[in-house]
Every structure is written in structure tokens, then in C-alpha cells.
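>>> Task: produce atomic coordinates for the following.
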Amino acid sequence: MLKSLFNVFKVPELKKKVLFTLGILIVYRLGGHIPTPGINTAALGEFFAQSQNTLFGMYDLFVGGNLSKATIFALGIMPYITSSIVMQLLGAVIPFFEKLRKQGAEGQKKITQYTRYGTVLIGTFNAFGITVFLESITNQAGVPIVPHPGFMFKFVTILTFVTGTIFIMWLGENITEKGIGNGISLIIFIGIIARYPNGFLNMGKMVASGTMSIMNSVLIVIIMVIVTGAVIVITEAMRKIPVQYAKRVIGRKIYGGQSTHIPLRVNSAGVIPIIFAQSVLMFPQTITTFFKGSEFMHTISSWLSPGAFLHTFLYVVLIVFFAYFYTAVVLNPAEIADNMKKYGGFIPGRKPGKKTAEYINSVITRITLPGAIFFAMIAVMPTFFMSYARVPFYFGGTGLIIIVGVALDTLQQIESHLVMRHYDGFMKKGKLRGRRR
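Predicted structure coming up:
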């Protein structure tokens, strides 16, 4: 492992990309410590300590704690993510965007531009909503979050938040273009893992004070390692459908005749189903924070609190539902079958066209269920970890899946650079050595 790490810095081009990426991420983390003017950050931190199970708490997780600290990066990169998802969904239902998606690099360039415009619009809307919300709340002691509300506070805060989001978007695109890995994903990744050092430090304090035994802490770490390994396996798991291409004679050359496969991942939807399910279940929880004196709202809140049977049941059902829904949006069996037929490809034993599409659809339906159930289990894990094992930080769920996915994608990109330069990489070490012999 250490040898592979040193190999990264032996390739000048790769070394430059890695250092550039690290530099951009440091800039992002430094920006996460610059507070937005006009907000009582201490009072806001106390409010968020009581609002972990609301939409605000979930949003704060994705932006690396910047919202609870009211920094200039309080919106994070989430408006860009939302805009990207909207554009992806529009590409599946609106002919204009579907046509752009099929135009290759030129069409993708236009989609990226529309995504940026959408980021500004969504960011402005989110910033306005958060600003109005901040003006209306107080902490537990009744201290207002915004000491001097009004038009100027709204204007400055909205401008600061939206500008921060645009700057983060620029940082992410620079990483993708000049660095290593997907810039937007890495920014979310670094925001999530930034919480872990403090969490482990708190766990160490609990062991030192006697509130947690050494045996329990060791057992928790072992479980974390096993769960992370399982997430890696399922994230990388795929079903390969064999495809054969017929030989075609064009002029004096023969094309095709090779065998390949269609890689269908067990988790094609990624982390999106969990995010959608969390948003649906946390929305009522968020609404109840505005009706603290209502007994009815208190009852609804208790039913939908993490750890309650109804919450867990609905959470699992919604994750499975959104896994199928989003997979159906991003994977079109009919389109895959048509593309295969166009280039002379076929699945052995299946007729091209409709029969091929039906077969691909049946495979997707079968492999999506176990993947969705597994990630539903990972999603409910943080509740049990924090409630029963008394782990002092959020482990599992959306954050873990994002961390694993981004880490694997970045490692694979580094690996491809190392293998191209004939260096041992982080993965498939034995296979590479076998080739050299």
C-alpha cells in the first residue's frame, strides 16, 4: 500500500493532479470557517443540536456542518446536485432535453450550462428560505438567531450564500477538469469525513470517562470496518449480460464479431433513493418544529422519529420504491436494446428488439431488490448505532455510501494513471504483476 502511495508521486502528471486536488479541497475547508455576518452562530449551533432529525440536520450533513455554523458555504454544493438531478429527470421525460443528451459532447456542454443556471435559481430560492427561517427562530433559551433582521440582512445573506455556492461549483469543476476524481463528489466527500475525527475523539473521551467500555469501542470499530467492506462489495457488484456482435463487411474491412457484456450494477440508483426517502420522512418532522405547543404535532413527530417502528418501516419501503423508480429513470431497457440492434449486437438466446428489452428489464428488476434492501439496512444503521451502541457520531446511511462510492471512483482514476505508466496501483496488484511475467 505504501509502495503504491509513493508511486503516485513518481508520475509527474498524476502528482500535479493530486496536489492540485488537495489544494482545492483545503481552500474549500478554509472557506467553511468564514462566518456569514449578522448571525449568532452560538445560538444557531444550539438550535441545530436539537434538530438533527429534520431536513435542516440532513442538509447540514451534506454541506459538512457549514449550515449549522452559518459560514459563507452554508448552502454547500447541494443546489448544484439538485439542479443536476432535475436535469437528469427532465432528460427522461422532455424531448428537448432528451435530444440534447443524445448529441454527445456538444449536447452535454449545453446541459452543463443549463445546470449552472439552475444552480443559481435553486440556490437563490434556498438562500431566501433559509434566511427567512433564521429570522424566525430562537435557541432553547429564547435568544434570536438573527439579532437584527430586515431587508439588508436578507440581501447580504442571500448574496453571500449564493456566491458561496457558485464558488464551490467552480472549485468542483476545476477539480474534475485539472485534478483527479469527480470534483463535486469530492467536495461532498470531504465535508462528510470532516466530522469523523471529532467523533472518534468524543468516543475516546467516553472511554476515558468510563461511559463506554474499551471492549465496546473496539467492537464498534470492528463492526464499522465490516460494514464498510460490505458496502464496497455491494457498490462494486454487477450483473454482466453477455452480448455478441455479428461480423459486418464494410468495403474491404470486417467489423464486429467480438464478445462483450452489459454491466448492470446491483445499486444503479446509488444514494439517491435514501436521500429521497429521508426528505419525505423528515418533511413532517421539520413542520412540527414550527408547532411546538401542538399535542397533535408532537404525536406525529414521535411516530416519525428515527427508531420508531413506523419510521423504520416507511423508511425501508420508500428506499425500495425510490430505488426502482430512479433505476427506471436512468436505465431504459428499450433504448439499450435499440442501440444494440443498431450496431448488430444481440444477447445469445434472445431475439433482438422487444424480447431483448424484456429480458434486460427482468434482470434489472431482479438485481435491484437485494441491492435496495441492503442499502435500506445501511440507511437505518445510524439510528441503532447512536441509540443502542451510543456511538457519538453519525456512521452509516447516506454518508457512508457516498464516502465509499467517491473513494472507489477516485482510486480507480488514480489506478488507471499508474497502470498506464506501468506502476503497481492500489487495486488488482497480482493481476498486473502476472502480466509483467
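>>> For the residue lying closest to residue 199 once chain neighbours are set aside, what is the enclosing helix or strand?
Nearest non-adjacent residue to residue 199, counting by Cβ to Cβ, 6 or more residues apart in numbering: residue 393, 2.6 Å away. C-betas here are computed from N, CA, C, even on glycine. Secondary structure assignment for residue 393, by DSSP states H and E: no helix or strand.
>>> list the contacts for residue 393?
195-196, 198-200, 202-203 (Cβ atoms under 8 Å, 6 or more residues apart in numbering).
>>> switch the cut-off to 7 Å
The contact partners of residue 393, by Cβ atoms under 7 Å, 6 or more residues apart in numbering, come to 195-196, 199, 202.
>>> could those residues be laid out in TSV, adding neighbour count?
TSV is the format used below for these (neighbours: other Cβ atoms under 10 Å):
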residue	neighbour count
195	17
196	14
199	14
202	14
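>>> Poorly predicted segments of this protein, please.
1-5, 49-58, 247-257, 285-294, 297, 306-307, 386-387, 389, 392, 421-437 (pLDDT under 70).
>>> mind giving me the domain ranges of it?
1-195, 207-393 (automatic domain parsing).
>>> Tell me if residue 240 really is in a strand.
Yes. Residue 240: assigned to a strand according to DSSP: H, G, I helix; E, B strand; the rest coil.
>>> measure it to residue 67 for me?
42 Å (Cβ to Cβ, to the nearest Å).
>>> These two: who's more crowded?
For the pair residue 240 and residue 67, the greater number of neighbours falls to residue 67 (24 against 10), based on other Cβ atoms under 10 Å.
>>> tell me the secondary structure for that one?
coil.
>>> What values do phi and psi take at it?
Per-residue torsions, residue 67: phi -70, psi -40 (degrees, to the nearest 10).
>>> just checking, it touches residue 60?
Yes. Contact between residue 67 and residue 60 holds when scored by Cβ atoms under 7 Å: they sit 4.4 Å apart.
>>> how about the helices in the stretch 251-400 of the chain?
272-288, 295-303, 309-330, 333-342, 354-387, 397-420 (DSSP state H, counting those that start in this stretch).
>>> how much does the longest one deviate in direction from helix 309-330?
This points to helix 354-387. Helix 354-387 runs at 150 degrees relative to helix 309-330, counting by axes from the mean of the first three to the mean of the last three Cα atoms, to 10 degrees.
>>> Check which helices and strands helix 354-387 is in contact with.
Packing partners of helix 354-387 (3 or more Cβ pairs under 7 Å, 6 or more residues apart in numbering; DSSP states H and E): helix 214-236, strand 238-245, strand 259-265, helix 272-288, helix 309-330, helix 333-342, helix 397-420.
>>> same question, the first one
Applying 3+ Cβ pairs under 7 Å, 6+ apart, we find helix 272-288 packed against helix 55-62, helix 295-303, helix 309-330, helix 354-387, helix 397-420.
>>> Quick one: residues in contact with the third one.
Looking back up the chat, that one is helix 309-330. Here helix 309-330 has contacts from 89, 92, 268-269, 272-274, 276-277, 280-281, 303-305, 364, 368, 372-373, 375-376, 379-380, using Cβ under 7 Å, 6+ apart.
>>> Of the residues you listed, keep whichever come out buried.
268-269, 272-274, 276-277, 281, 304, 364, 368, 372, 375-376, 379-380 (16 or more other Cβ atoms under 10 Å).
>>> farthest-separated two in those residues?
304 and 364 (31.3 Å; Cβ to Cβ).
>>> Export only the CA atoms of stretch 107-126, formatted as PDB.
Taking Å, rounded to 0.1, in the frame of the first residue of the first chain, the C-alpha atoms of stretch 107-126 are listed here in PDB:
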ATOM      1  CA  GLY A 107     -25.200  18.400 -26.000                       C
ATOM      2  CA  GLN A 108     -23.600  17.700 -22.700                       C
ATOM      3  CA  LYS A 109     -22.000  21.200 -22.800                       C
ATOM      4  CA  LYS A 110     -25.400  22.800 -23.100                       C
ATOM      5  CA  ILE A 111     -26.800  20.600 -20.400                       C
ATOM      6  CA  THR A 112     -24.000  21.700 -18.100                       C
ATOM      7  CA  GLN A 113     -24.700  25.300 -18.800                       C
ATOM      8  CA  TYR A 114     -28.400  24.800 -18.000                       C
ATOM      9  CA  THR A 115     -27.400  23.000 -14.800                       C
ATOM     10  CA  ARG A 116     -25.400  26.100 -13.800                       C
ATOM     11  CA  TYR A 117     -28.300  28.400 -14.400                       C
ATOM     12  CA  GLY A 118     -30.500  26.000 -12.400                       C
ATOM     13  CA  THR A 119     -27.900  26.100  -9.600                       C
ATOM     14  CA  VAL A 120     -28.200  29.900  -9.300                       C
ATOM     15  CA  LEU A 121     -32.000  29.800  -9.300                       C
ATOM     16  CA  ILE A 122     -32.300  26.900  -6.800                       C
ATOM     17  CA  GLY A 123     -29.500  28.400  -4.700                       C
ATOM     18  CA  THR A 124     -31.300  31.800  -4.500                       C
ATOM     19  CA  PHE A 125     -34.600  30.100  -3.600                       C
ATOM     20  CA  ASN A 126     -32.900  28.000  -0.900                       C
END
